[in-house]
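Student: Provided below are the primary sequence and the corresponding predicted coordinates.
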Protein chains: 4
Amino acid sequence: MTDPTTPGYSDDKTAVLKRLRRVEGQVRGLTRMVEDDTYCIDVLTQVSATTKALEAVALKLLDEHLAHCVVDAARAGGPEAQIKVKEASDAIARLVRS
Amino acid sequence: MTDPTTPGYSDDKTAVLKRLRRVEGQVRGLTRMVEDDTYCIDVLTQVSATTKALEAVALKLLDEHLAHCVVDAARAGGPEAQIKVKEASDAIARLVRS
Amino acid sequence: MTDPTTPGYSDDKTAVLKRLRRVEGQVRGLTRMVEDDTYCIDVLTQVSATTKALEAVALKLLDEHLAHCVVDAARAGGPEAQIKVKEASDAIARLVRS
Amino acid sequence: MTDPTTPGYSDDKTAVLKRLRRVEGQVRGLTRMVEDDTYCIDVLTQVSATTKALEAVALKLLDEHLAHCVVDAARAGGPEAQIKVKEASDAIARLVRS
């Protein structure tokens, strides 16, 4: 069973961090576009691209969480698996609604 | 382990069917609104409510799928758990993007 | 200026009604899938397709609303244009969050 | 009519920039959370909050665009209004699907 202090994304931590740095760069790019009075529609196109990049990070984290934390809890037996599933379902609901 | 022919939502089948019949009624209501030349914004408000109701059905199905099919596959051991997680992750990605 | 009793989608009413009837058929298809104990992931794929079809109806209605009601109100002058824009922005926010 | 080099958000530029800097801070916070091995679900909660903040920026930009660029084009007459509406509708579609 996974060490409880190790999150599900630990194997892909470098990849997740790389994606987050790219998102940070995209947000800084948005700031520059607005400072430079870029046309609204062009700013909006970049906001949509940034939102999609953030969603991709979320889907990656969720996939790792299901594959490690949820599967490990199920294998360990006991009520922990249902707690993990409930947590994951709530996180999915927040994502779908955001 | 769950009988492979029994979907994860089998315990809540009646509840899922009840929600789907309500969504069907909402879509019929939308048709009537358009036939009656209801103001666009009022039709749009009802479309958003119907989309939210459909998303709630999806989140319910997904929660049952994780709690039954994914947890059962993890407990049974073998490569099946990772296949189930991959399927669930792909379904979540489709939901988040729809 | 447009007759206030004529919604923006009146020219495309037949097309909008056709799409809504297709969505109604998709929701009935979902009910049948659940009655027949179809595998959760296959039901979820169809829920995503139905949500996308409903969103396409919303985007069509919104486009017609902007092209007719909002543009006509702007041309007519007076405070009506800002009221229409506020209504449209609120409808867009509901859509984005649903 | 608005100067074509002035985007619709020019009155609220300071407010938009402030929101974007807050989003940038949220993304940097996400990076720190992942570096510190924060539990997946807690990272996901913050990703959802960041996505919502970005969407709020998009809705603000879109509202300003409709209220200024689209309304001004409609008042100026000619085919420009329909071009602006088409552009706005496409941006809304990208937002709804992102």
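Tutor: Now that the structure is in, tell me what you want to look at. Note that the structure is a prediction, hence the values are computed from the model and not measured.

Student: only C-alpha atoms, please: export stretch A:36-54 in CSV.
Tutor: The C-alpha coordinates for stretch A:36-54 follow below in CSV (Å, rounded to 0.1, in the frame of the first residue of the first chain):
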residue,chain,number,x,y,z
ASP,A,36,-1.0,46.0,-24.4
ASP,A,37,-4.8,46.6,-25.1
THR,A,38,-5.0,43.4,-27.2
TYR,A,39,-8.4,43.0,-28.9
CYS,A,40,-11.0,41.3,-26.5
ILE,A,41,-11.7,38.3,-28.7
ASP,A,42,-7.9,37.5,-29.0
VAL,A,43,-7.6,37.7,-25.2
LEU,A,44,-10.6,35.4,-24.8
THR,A,45,-9.1,32.8,-27.2
GLN,A,46,-6.0,32.7,-24.9
VAL,A,47,-8.2,32.5,-21.8
SER,A,48,-9.9,29.4,-23.2
ALA,A,49,-6.6,27.8,-24.1
THR,A,50,-5.3,28.5,-20.5
THR,A,51,-8.5,27.0,-19.0
LYS,A,52,-8.1,23.9,-21.1
ALA,A,53,-4.4,23.5,-20.0
LEU,A,54,-5.5,23.8,-16.3
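
Student: residues touching that stretch, excluding its own?
Tutor: Contact partners of stretch A:36-54, identified using C-beta atoms under 8 Å, 6 or more residues apart in numbering or on different chains, comprise A:19, A:22-23, A:26-27, A:29-30, A:33-34, D:5-10, D:13, D:27, D:47, D:50-51, D:54-55, D:57-58, D:61-62, D:64-65, D:69, D:87-88, D:91, D:94-95, D:98. In this view, the C-beta of every residue, glycine as well, is placed from N, C-alpha and C.

Student: then stretch A:21-30?
Tutor: Stretch A:21-30 has contacts (C-beta under 8 Å, 6+ apart) with A:43, A:46-47, A:49-50, A:53-54, A:57, D:20, D:23-24, D:27-28, D:31, D:54, D:57.

Student: ok, now with 6 Å
Tutor: The contact list for stretch A:21-30 (C-beta atoms under 6 Å, 6 or more residues apart in numbering or on different chains) reads A:Gln46, A:Thr50, A:Ala53, A:Leu54, D:Leu20, D:Val23, D:Glu24, D:Val27.

Student: and stretch A:82-95, which residues are buried?
Tutor: A:Lys84, A:Val85, A:Glu87, A:Ala88, A:Ser89, A:Ala91, A:Ile92, A:Ala93, A:Arg94, A:Leu95 (16 or more other C-beta atoms under 10 Å in any protein chain shown).

Student: chain D next: which of those are close?
Tutor: A:Glu87, A:Ala91, A:Arg94, A:Leu95 (C-beta under 6 Å from any C-beta of the partner chain).

Student: the second one is in what secondary structure piece?
Tutor: A:Ala91 is located in helix A:80-97, with elements delineated by DSSP states H and E.

Student: find the closest residue to chain B in chain A.
Tutor: Using C-beta to the nearest C-beta, the closest approach of chain A to chain B is made by A:Ala74 at 3.5 Å.

Student: quick one: neighbours of that residue, just the number.
Tutor: Other residues within reach of A:Ala74, judged by other C-beta atoms under 10 Å in any protein chain shown, total 24.

Student: which residue is the nearest non-sequential neighbour of the residue sitting nearest the centre point of chain A?
Tutor: Most central in chain A under C-alpha atoms, centre = their mean is A:Ala58, positioned 1.8 Å from the mean C-alpha point. Closest residue to A:Ala58 apart from its sequence neighbours, by C-beta to C-beta, 6 or more residues apart in numbering or on different chains: D:Val47 at 4.5 Å.

Student: what pLDDT does the one you found get?
Tutor: pLDDT, D:Val47: 97.

Student: what's the answer for A:Asp11, then?
Tutor: Confidence score, pLDDT, at A:Asp11: 80.

Student: tell me the spacing between it and A:Val71.
Tutor: 14 Å (C-beta to C-beta, to the nearest Å).

Student: who has more neighbours out of the two?
Tutor: Taking neighbours as other C-beta under 10 Å, A:Asp11 and A:Val71 compare with A:Val71 leading, 24 against 12.

Student: return the residues in contact with that one.
Tutor: Residues near A:Val71 by C-beta under 6 Å, 6+ apart: B:Ala74, B:Ala81.
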